[in-house]
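Colleague: after the sequence you'll find the predicted model.
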Amino acid sequence: MSKIQVIKSHTLTGHNDCIYALAEGSDPRFFYTGAGDGMVVEWDLDNPKDGKLIAKLPNSVYSLAVDKQRNYLVIGHNFEGIHLIDLQENKELWSIRLTDQAIFDIQVLGDEVFVGTGDGVLIVVDIPSKSIKKHIKLSSKSIRVMDIALGKRHLAIGLSDHSIKILDLANEYQPIGNLTGHANSVFALRSSPDEKILVSGARDAHLKFWSVDPYALSEDIVAHMYAINYLSFKEDGSMLVTCSMDKSIKVWDTEERKLLKVIDKARNAGHGTSINKVVWSSYTQEVISVSDDRSISIWNIEPQHT
């Protein structure tokens, strides 16, 4: 791939604490952020300057997920449980107490919400009955990140015990893989849009590419100076972005597994502290990042025409 150029199109403020959670809406024109101040905010990419407060919770919010089928927002309320918000009506429908632990990630598939907790338990919640369906103890260490390959119905789970565990959702959550190789907590995990590879990033600053049929390590890159906090693919799968505690965002060519661009404070007026989440918008094809510096940045990433 040829060189790319990066232009920051917006900086958004409003949160009063570190921003930890970021999710794209069922209508990708909208995205949602959650922060240490317990505030959850909706942003409109067509008019990004003014956020709309969706919820204000007593504890911090590390995780958000969108139920695209019902247009619900699932909020992970640390040390308590989940809250479901009807985004059409802009009101809370129900909440359920689940845990006294932090909730680091949430995924939704069909009628099920998968909640990953700080004590290594995967809690499956049934949306129609508003009840807990299953507890699956995966580790004594935290579940940090999850990703669902929709075609295969495989749930990949990154843990603080340095492993990635794969469960088969089509077969009673059976464990079908245990990927080892990271030297520290796995914070970032995504299947490529074509589901041919799984990419992970960890506190060890390594980015790992895994083939999936069968699951096996195919490439290992020292990608950042400090922990990789999150990663996201462009909708067409051609590129992916990683974000890090080292205050940078990096853009990678998926096929060649090459670094294309570094986005940071010195070069691009990037974030001044750890970047916690990044999402490649399927609406504008821009990259959205959130940080400990309490701000949201929106980045326009284009091929550079020479």
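Modeller: Perfect, thanks for sending it.
Colleague: you'd agree Asp283 is up against Asp44?
Modeller: No, residue 283 isn't Asp; it's Tyr. No: Tyr283 lies out of contact with Asp44 (C-beta atoms under 8 Å); the separation is 10.1 Å. The way it works is simple: take the backbone N, C-alpha and C, and place the C-beta from them, glycine included.
Colleague: got any residues that touch both of the two?
Modeller: Applying C-beta atoms under 8 Å, 6 or more residues apart in numbering, one finds that Tyr283 and Asp44 are jointly contacted by Arg29.
Colleague: partner residues bridging Tyr215?
Modeller: Val212 (DSSP bridges).
Colleague: now do the same contact list for it.
Modeller: Tyr215 neighbours (C-beta under 8 Å, 6+ apart): Ile166, Gly177, Leu179, Leu198.
Colleague: check contacts around the second one.
Modeller: Under the criterion of C-beta under 8 Å, 6+ apart, the contact list for Gly177 reads Ile164, Lys165, Ile166, Pro214, Tyr215.
Colleague: would CSV of the residues you listed with distance to Ala21 and pLDDT be doable?
Modeller: Output for those, formatted as CSV (distance: C-beta to C-beta, whole Å; pLDDT from 0 to 100):
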residue, distance to Ala21, pLDDT
Ile164, 21, 98
Lys165, 22, 98
Ile166, 24, 98
Pro214, 33, 94
Tyr215, 28, 96
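Colleague: Ile166: which element?
Modeller: strand 164-168 (DSSP states H and E).
Colleague: list the contacts for the closest residue to Gly38 other than its chain neighbours?
Modeller: In space, and not counting its chain neighbours, Gly38 is closest to Leu57: 4.1 Å by C-beta to C-beta, 6 or more residues apart in numbering. The neighbourhood of Leu57, defined by C-beta under 8 Å, 6+ apart, consists of Gly38, Met39, Val40, Ile75, His77, His83.
Colleague: contacts for the strand holding Ile166?
Modeller: 122, 136, 138-139, 153-159, 173-180, 182, 186, 189, 198, 200, 210, 215.
Colleague: which two from the contacts of Tyr215 end up farthest apart in space?
Modeller: Pairwise distances across the contacts of Tyr215 (C-beta to C-beta) peak at 9.3 Å, for the pair Gly177 and Leu198.
Colleague: columns distance to Val278 on top of the contacts of Tyr215, output as CSV?
Modeller: Compiled in CSV, the contacts of Tyr215 are given as follows (distance: C-beta to C-beta, whole Å):
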residue, distance to Val278
Ile166, 23
Gly177, 25
Leu179, 22
Leu198, 17
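Colleague: let's see if you can find the most crowded of those residues.
Modeller: The residue in those with the most neighbours, by other C-beta atoms under 10 Å, is Leu198 (25 neighbours).
Colleague: and that residue, what's its pLDDT?
Modeller: On the pLDDT scale, Leu198 is placed at 98.
Colleague: give me the phi and psi for it.
Modeller: When read as degrees, to the nearest 10, the backbone of Leu198 gives phi -120, psi 130.
Colleague: next, count neighbours for the closest residue to it other than its chain neighbours.
Modeller: With sequence-adjacent residues excluded and distances taken as C-beta to C-beta, 6+ apart, Leu198 is closest to Trp210, at 4.3 Å. Per other C-beta under 10 Å, the neighbour tally for Trp210 reads 23.
Colleague: for Glu42, same thing?
Modeller: Glu42 has 18 neighbouring residues, counting by other C-beta under 10 Å.
Colleague: hey, which helix or strand in this protein has the poorest pLDDT?
Modeller: Here the helix or strand of the chain ranked lowest by mean pLDDT, DSSP states H and E is helix 265-268, holding a mean of 92.
Colleague: dump that helix to PDB, keeping only the CA atoms.
Modeller: The C-alpha coordinates for helix 265-268 follow below in PDB (Å, rounded to 0.1, in the frame of the first residue of the first chain):
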ATOM      1  CA  LYS A 265       1.400  14.500  19.900                       C
ATOM      2  CA  ALA A 266       4.600  15.700  18.200                       C
ATOM      3  CA  ARG A 267       3.500  14.900  14.600                       C
ATOM      4  CA  ASN A 268      -0.200  15.300  14.700                       C
END
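Colleague: which SSE is immediately downstream of that helix?
Modeller: Following helix 265-268 in sequence order, the next helix or strand is strand 275-280 (DSSP H and E).
Colleague: listing partners with orientation, what would you give for that following strand?
Modeller: strand 287-291 (antiparallel).
Colleague: strands paired with the following helix or strand past the strand it pairs with, and their directions?
Modeller: Once strand 287-291 ends, the next helix or strand along the chain (criterion: DSSP H and E) is strand 296-303. Within its sheet, strand 296-303 is paired with strand 4-12 (antiparallel), strand 287-291 (antiparallel), according to DSSP bridges.
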